[in-house]
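Engineer: Sequence plus predicted model, see below.
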Amino acid sequence: MNLMEIPFDAIDGVMVGNAQSEAGKTGVTVLCFKKGAKTGVDISGGGPASRETPVLDPTREDIGIHAIVLSGGSAYGLAAADGVMKCLEDNGIGYDTGFALVPLVVQSSIYDLSYGSAKIRPDSRMGYEACQNALLKSQPISGSVGAGKGATVGKLKGMRQSQKSGIGYYAVQAGNLKLGAVVVVNALGDIYVEGQKAAGLMNEERTGFIDSVQELYRIAAPKDLLSRTNTTIGAIVTNGKFDKSQLTRIAAQAGNAYARCINPVGTLADGDTIYASSCGEPVEADVNMAGTMAAEVMANAIKNAIESSKMDDAEYLKCCLNLPV
C-alpha cells in the first residue's frame, strides 16, 4: 500500500497552536484534543524535563488526555501547562469530576536557555495563548516558531559551532489510516537526511561540518557534555484504533527515526521523548504497520524541521549566549 502525503491538520481530532517570545527566542506548541486522545510515551534520553508522563504508563487507567504541550524553557517551561489547563477549563474541556473540570495535560520541554534570553521562559500566560490559538484555528507551522523558536543542534563544542533548528511536521495516509508526526529538534548531535549530514556541528570558521561522533570519540576522560541541555521531543498522532500499550509501542518504534537521523542520540545530555496519540474517528489498523510508518513519518518531520529553520550565520550567532568576544 502506497503512502500518500497529507497536511498534518487533515488528521481529525487534533488542533495545533503556538505562542512565542521574540525577545526570549522561546515558545510553546500545544496539541489539543477536545474529545480526549489515548496516549502513550517513550522516553529514551537521560535528562527529560516533563510533566504528568506517569499517567501514560500502560499499567495506569486507559483514559485519554486533552493536550500535549511542547515547549522551550527547560524545567522552567513546564509552567506553560498551567495555562493550557486553565484555557481548556475555560472552554469546557476536561473530565467532569462532579466538582470541577479537570483537563489532563502532559508536557515535555527542550533546553533553549543558551539562545535568546535565559531569563524569558514559557509561562502560564504563554501556554494559555498557545492553547487558545489551537482552539481558534489549527496552525501546524514549521520552523522557528512555538516550541521550535529556540531549538538548536550540533552543540558538542558549544553554541558557536552549533546551528539553528526548529519544529517540523509530516503526515501520510494509507487507506483510511492517517498518521502524522511533529518534532522539535534540539539535539546534541548532528542531523542526517537520507544519509547526508544536513545540520549540526561546524568547524571553528563555520565554513563546513565536522563529525560530532568523531569528536566525542576524542574525549578520553569523563566529561560533562553540557548535561541535560539538549532534547528532541515529538509526537505521533493517528486515527488508528490503539490502546495505551499499543501507542506506547508505536512511540518507541517512532524513536527509530531519531537513531536514523540524529548522531549521537539518546545520550545523558539528551532528554529525547516521543508521545503517540489516537484521536478522531478510529479505524482498525495493525500496530506493527503503524509503528513502522511512524518511524518513517518522524524522519520526514525531522527533515522538515531542519529545512524550515535555516538561518543566516550572523543572525543566528547574535542570539547565542556566552560566546567568546
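Structural biologist: The structure has been received and is ready for your questions. Note that this is a predicted model, so its numbers are computed, not measured.
Engineer: Against which helices or strands is the longest helix along the chain packed?
Structural biologist: Taking DSSP state H as the criterion, the chain has its longest helix at helix 287-307. Packing partners of helix 287-307 (3 or more Cβ pairs under 8 Å, 6 or more residues apart in numbering; DSSP states H and E): strand 167-174, strand 177-184, strand 190-193, strand 196-199, strand 233-240, helix 244-254, helix 256-261. C-beta here means a position set from N, CA and C on the backbone, and glycine is covered the same way.
Engineer: pLDDT (mean, whole number) over the helix or strand just after it?
Structural biologist: Scanning forward in sequence from helix 287-307 by DSSP states H and E, the next helix or strand is helix 313-317. What helix 313-317 shows for mean pLDDT is 94.
Engineer: tell me which residues in helix 313-317 are buried?
Structural biologist: Y316 (16 or more other Cβ atoms under 10 Å).
Engineer: ok so, going back, out of the helices and strands packed on helix 287-307, which comes closest to R218?
Structural biologist: Evaluated with Cβ to Cβ, the helices and strands packed on helix 287-307 place strand 190-193 nearest to R218, the distance being 15.2 Å.
Engineer: From the chain's centroid, how far away is the helix or strand of the chain with the lowest mean pLDDT?
Structural biologist: Lowest by mean pLDDT, DSSP states H and E among the helices and strands of the chain is strand 49-51, with a mean of 87. A distance of 12 Å separates the centroid of the chain from that of strand 49-51, by Cα atoms, centre = their mean, to the nearest Å.
Engineer: tell me what it is packed against?
Structural biologist: Counting by 3+ Cβ pairs under 8 Å, 6+ apart, the packing neighbours recorded for strand 49-51 are strand 105-109.
Engineer: Could I get the buried residue list for stretch 50-70?
Structural biologist: In terms of neighbour count (16+ other Cβ under 10 Å), stretch 50-70 has its buried residues at S50, R51, T53, V55, L56, G64, I65, H66, A67, I68, V69, L70.
Engineer: chain center to it: distance?
Structural biologist: Counting by Cα atoms, centre = their mean, stretch 50-70 comes out at 16 Å from the chain centroid.
Engineer: Same check on stretch 194-209?
Structural biologist: 22 Å.
Engineer: Compute the first-to-last residue distance for that stretch.
Structural biologist: 17 Å (Cα to Cα, to the nearest Å).
Engineer: Number of residues surrounding the closest residue to K241 other than its chain neighbours?
Structural biologist: In this structure, K241 finds its nearest non-sequential neighbour in P282, 3.6 Å apart by Cβ to Cβ, 6 or more residues apart in numbering. With neighbours defined by other Cβ atoms under 10 Å, the count for P282 comes to 15.
Engineer: Fine by me, we can end here.
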